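Visitor: Return atomic coordinates for the entry below.
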Amino acid sequence: MMGKVEIVLNSLPMSGGDGPNSYSKNSQLQRRSASLLKETIDKLITEKLDAKTLISDSNTFCIADLGCATGPNTFFLVQDIIKSIETTLEPNPTKPEFLVFFNDLTNNDFNTLFTSLPQDRSYFAVGVPGSFYGRVLPQSSVHIVVTLAATHWLSSVPKELLDKSSEAWNKGKVHYSNAEEEVLKAYEDQFGRDMEKFLEARAQEIVSGGLLVVGMCGIPQGMPFSNLADSIMYTSMADVLIQMQSQGLISEEQVDTFNIPIYSASPQEVAALVEKNGCFAVESMELMDPTTWLKRPMDVEDVRQWMVCIKATMGSLFINHFGDHLLDDIFDRLTARLVGLTEKVESSYREKVMLFFALKRK
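Guide: The predicted structure is shown next:
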């Protein structure tokens, strides 16, 4: 049965459309990070996937991208996967057909996604609305599931953060970075519950021998989040909101009840959840550097581009909580603040902060 899944209402989809502030026009950083995985995913498919046996009954190979957003990154990813599969099947005289499921939340901008589908694509495309923290596909229906830059988003803000009587009440902060231990624990627990549901759903949807490939925000075990560049960003966000509160632009309650539902997991946390699930074998589990393409120190323009991508990624969270009319003001202030902290951002820990793991369905 498809269970009901609680999600952050109307606030998680990436910015829609194809305008200057849209995700489709401002997701270059995500594209660069994803391209780093191209070789790794190709090697996985070549060495760990028996594509010939998997399609021996139907000759249709099914791929799902969960958290696909609005493109174009998802199209590059899918095309790379298809090329790898076709290579492993050579010299098979019968070319398989490919069916691709593009999944995201129900209020994702699927119109932009489908109007920008490549005209020369070599696959059939299906849109699948719904949260991937529950079932979104039929039993044993898909051979490869991939999800990049999505599973660090929690299904909801941990409820303890919004309870004034709780020790995890996160007053004046927007994240667990530099917050009380109880706040971090609430995020950890929420991630654990979410990943359990995610793995349970995928175990039902993926065929035996199929692959689950995930790339998300990560962190070395035991490292304080305050060491990371993102910590500087979240602290600056809180500072900006408190400044705007002091100027009467937003209320104290709005500031105290705003939290970013993103969690960076260690490989050990995920490995323990995979073992608990019991349906998958770990083929790969590693932390990677998402900015290896940056061969020089970060400069002011890099910080500005980072904020453009963050605005396209998180903008709907701010609109939902503070209103559309304040979005530009918030991000103008945030960008100015972080530009002034460029050297601090540059010297922060940014190396092993992308967690990549690949699981094979037993």
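
Visitor: all strands for this protein, in order.
Guide: Assigned by DSSP state E, the chain shows strands spanning 60-66, 97-104, 124-129, 142-148, 206-217, 280-288, 354-361.

Visitor: packing partners for the third one?
Guide: For strand 124-129, the contact count by 3 or more C-beta pairs under 8 Å, 6 or more residues apart in numbering; DSSP states H and E identifies strand 97-104, helix 110-115 as packing neighbours. Quick note: C-beta positions are derived from backbone N, CA and C, even for glycine.

Visitor: Parallel or antiparallel, which strands does the longest one pair with?
Guide: By that I understand strand 97-104. Applying DSSP bridges, strand 97-104 is found paired with strand 60-66 (parallel), strand 124-129 (parallel).

Visitor: picking up where we left off before, Gly315: which of the helices and strands packed on strand 124-129 is closest?
Guide: Of all the helices and strands packed on strand 124-129, it is helix 110-115 that lies closest to Gly315, at 14.8 Å by C-beta to C-beta.

Visitor: Just the CA trace of the closest one, in PDB.
Guide: Presented in PDB, the C-alpha positions along helix 110-115 are these (Å, rounded to 0.1, in the frame of the first residue of the first chain):
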ATOM      1  CA  PHE A 110       6.600  19.400 -14.500                       C
ATOM      2  CA  ASN A 111       5.500  21.600 -17.400                       C
ATOM      3  CA  THR A 112       9.000  23.200 -17.600                       C
ATOM      4  CA  LEU A 113      10.500  19.700 -17.300                       C
ATOM      5  CA  PHE A 114       8.500  18.200 -20.200                       C
ATOM      6  CA  THR A 115       8.700  21.200 -22.500                       C
END
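
Visitor: List the contacts of Tyr263.
Guide: Contact analysis of Tyr263 by C-beta atoms under 8 Å, 6 or more residues apart in numbering lists His152, Leu154, Tyr176, Tyr187, Glu188, Gln190, Phe191, Cys217.

Visitor: Any chance of a markdown table for these, columns neighbour count, distance to Asp80 and pLDDT?
Guide: What follows is the contacts of Tyr263, written out as a markdown table (neighbours: other C-beta atoms under 10 Å; distance: C-beta to C-beta, whole Å; pLDDT from 0 to 100):
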| residue | neighbour count | distance to Asp80 | pLDDT |
| --- | --- | --- | --- |
| His152 | 19 | 22 | 96 |
| Leu154 | 22 | 28 | 96 |
| Tyr176 | 27 | 34 | 97 |
| Tyr187 | 27 | 32 | 97 |
| Glu188 | 15 | 33 | 97 |
| Gln190 | 20 | 32 | 96 |
| Phe191 | 24 | 28 | 97 |
| Cys217 | 18 | 22 | 95 |
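
Visitor: Check which residues of stretch 101-118 are buried.
Guide: For stretch 101-118, the neighbour count (16 or more other C-beta atoms under 10 Å) marks Phe101, Phe102, Asn103, Asp104, Leu105, Asn108, Asp109, Phe110, Thr112, Leu113 as buried.

Visitor: Could you export the residues you listed as CSV, including distance to Glu205 and pLDDT?
Guide: Supplementary listing: the buried residues of stretch 101-118 in CSV, determined by distance: C-beta to C-beta, whole Å; pLDDT from 0 to 100:
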residue, distance to Glu205, pLDDT
Phe101, 9, 98
Phe102, 15, 97
Asn103, 10, 96
Asp104, 16, 94
Leu105, 17, 92
Asn108, 19, 89
Asp109, 24, 88
Phe110, 20, 92
Thr112, 26, 89
Leu113, 21, 91
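
Visitor: Any stretches of the stretch 1-150 of the chain with poor pLDDT?
Guide: Residue ranges of the stretch 1-150 of the chain with pLDDT under 70: 1-35.

Visitor: Tell me where it has helices.
Guide: Counting by DSSP state H, counting those that start in this stretch, the stretch 1-150 of the chain has helices at residues 28-36, 38-48, 51-54, 73-89, 110-115.

Visitor: now swap in the stretch 251-362 of the chain and tell me
Guide: Here the stretch 251-362 of the chain has its helices, by DSSP H, counting those that start in this stretch, at 252-256, 267-277, 300-322, 327-339, 342-347.
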